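>>> got a predicted model here, sequence first, then my questions.
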Amino acid sequence: MTDPLADFATDTFCHDDMIHRYYRLGSGPAVVVIAEIPGITPAVVDFARRVVGAGYTVYLPSLFGIDGAGSTTHGPSVLLRSLAEVCVSREFTIFATGKSSPVVRWLRALSAKAHDDCGGPGVGAVGMCVTGGFALAMAVDDRMLAPVLSQPSLPLAITPGRRNNIDISAADLTVVKARCAAGLQILGARFDGDKLSPPDRFRFLREQLGDGFIGVELPDSSANPDGQGMPHSVLTDHLIDEPGQPTRDTLDQVLAFFHDKLGGAGRTTP
C-alpha cells in the first residue's frame, strides 16, 4: 500500500509535558489540520493536500490512531483503537461541559511554532468531529485568525445541556467572545441531521459569538452516499468532490476563508 504521508516532513513537538508527532507539507501561511476519529486517514490527508494546493503550509498533528490508515484498509479495529485512546487519555475532555481539553494547550503551542516557522499575518486551524471545538479554543491566541469547526462533536451530546454547549472553558470562551466582538470570525460546518454535532451547538455558538460565527448547515441529502455511516464528515468522508455540490462549495468556502484571513496564494481548488 502507498503511504499517503510519504512526502510530508515529520517531527515531534513537546510542550507542557505533552509530546506528539506532526506532519508538515506546503508553503505559505500555516494551517493546523486536526484529524477526526479514527485519525489521519487518507481522506484527512486528501483534505490537507487541498489546503496545501491553495497556497498554505499544513501542520498535521498525530493525536490518536494509526497515521495514514483508514477503516477501509485496516478494518473496524482502527476506529475502536482510536476511540479507546481518546476515552482513556487525560488530554481529552469527552463528557464535561465548560472545559477545554488539555491537549489544546499543546495545539496552541504548535500553532505558535507554525507561525514562527511560516510567518504571515497569523495561522488557521481546522478541527473535525472530536477535535472540532479545539479550533475554537485555540482562538484565545491572537495569532489564530482563521478557526474552522467541522462537525464539532464534544461534549458528547447525550443530554440537552451537552448539546447546547461546546468543549471550551468559560475563561477561554470569554476571550474568544471579546476577539469576535473585535472582528474575529469563526467558520463552522455540519449536516442538518448530525446527532453527534447537533443544531443546538450551532445555536449556542451564534448566541455566544454573534456575527463572529458563520454557520454552514447542509442537508443530509448532500452527503456522499458512499461515505461511512450517517452524514457527518463534511470535508472528508462525506464530501462529494464535484463543482456545484454543497459539500464541495463548503470546502471552497473554507479555502476562501483562509485566503481572506491569512492571505497566501489563494488558489482555488480544481
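Looks like it came in fine. Numbers count the residues shown, from 1 in each chain.
>>> which parts of the stretch 151-270 of the chain are helices?
For the stretch 151-270 of the chain, applying DSSP state H, counting those that start in this stretch gives helices covering 160-163, 170-181, 199-209, 246-262.
>>> can I get those in TSV including distance to Val126, mean neighbour count and mean pLDDT?
Where you see a C-beta, it was placed from the backbone N, CA and C, and this is true even at glycine. Putting the helices of the stretch 151-270 of the chain into TSV (distance: least, Cβ to Cβ, whole Å; neighbours: other Cβ atoms under 10 Å; pLDDT from 0 to 100) gives the following:
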stretch	distance to Val126	mean neighbour count	mean pLDDT
helix 160-163	22	15	86
helix 170-181	16	16	98
helix 199-209	16	18	98
helix 246-262	7	19	98
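>>> out of these, which is closest to Lys99?
Closest to Lys99 of the helices of the stretch 151-270 of the chain is helix 170-181 (Cβ to Cβ; 9.0 Å).
>>> angle of the closest one against helix 199-209?
70 degrees (axes from the mean of the first three to the mean of the last three Cα atoms, to 10 degrees).
>>> all numbers from here: first residue = 57
Let's use 57 as the start, then, which means that last one is helix 226-237.
>>> off-centre distance for helix 226-237?
Using Cα atoms, centre = their mean, to the nearest Å, the mean C-alpha position of helix 226-237 is found 19 Å from that of the whole chain.
>>> okay, that helix in PDB with CA atoms only?
Taking Å, rounded to 0.1, in the frame of the first residue of the first chain, the C-alpha atoms of helix 226-237 are listed here in PDB:
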ATOM      1  CA  ALA A 226     -15.700  29.700  30.400                       C
ATOM      2  CA  ALA A 227     -12.400  31.700  30.600                       C
ATOM      3  CA  ASP A 228     -11.400  30.700  27.100                       C
ATOM      4  CA  LEU A 229     -14.900  31.400  25.700                       C
ATOM      5  CA  THR A 230     -14.800  34.900  27.300                       C
ATOM      6  CA  VAL A 231     -11.500  35.600  25.400                       C
ATOM      7  CA  VAL A 232     -12.900  34.300  22.100                       C
ATOM      8  CA  LYS A 233     -16.100  36.300  22.500                       C
ATOM      9  CA  ALA A 234     -14.000  39.500  23.000                       C
ATOM     10  CA  ARG A 235     -12.000  38.700  19.900                       C
ATOM     11  CA  CYS A 236     -15.200  38.100  17.900                       C
ATOM     12  CA  ALA A 237     -16.600  41.500  19.100                       C
END
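>>> other SSEs contacting that helix?
Using 3 or more Cβ pairs under 8 Å, 6 or more residues apart in numbering; DSSP states H and E, the elements in contact with helix 226-237 are helix 188-193, helix 255-265.
>>> now for those, which one comes closest to Ile214?
helix 255-265 (12.4 Å).
>>> pretty sure Ile175 sits against Pro85.
For the record, residue 175 is Gly, not Ile. Yes: between Gly175 and Pro85 there is a contact at 7.4 Å, judged by Cβ atoms under 8 Å.
>>> just the element for Arg146, please.
Using DSSP states H and E, Arg146 falls within no helix or strand.
>>> could you do Gly154 as well?
For Gly154, there is no host helix or strand (DSSP H and E).
>>> what separates it from Ala193, distance-wise?
12 Å (Cβ to Cβ, to the nearest Å).
>>> joint contacts of the two?
Between them, Gly154 and Ala193 share these contacting residues under Cβ atoms under 8 Å, 6 or more residues apart in numbering: 224-225.
>>> report the buried residues of stretch 90-107.
For stretch 90-107, the buried set under the neighbour-count rule, 16 or more other Cβ atoms under 10 Å, comprises 90-101, 103-107.
>>> in stretch 147-167, what's buried?
By neighbour count on 16+ other Cβ under 10 Å, the buried set for stretch 147-167 is 147-150, 153-157, 159-167.
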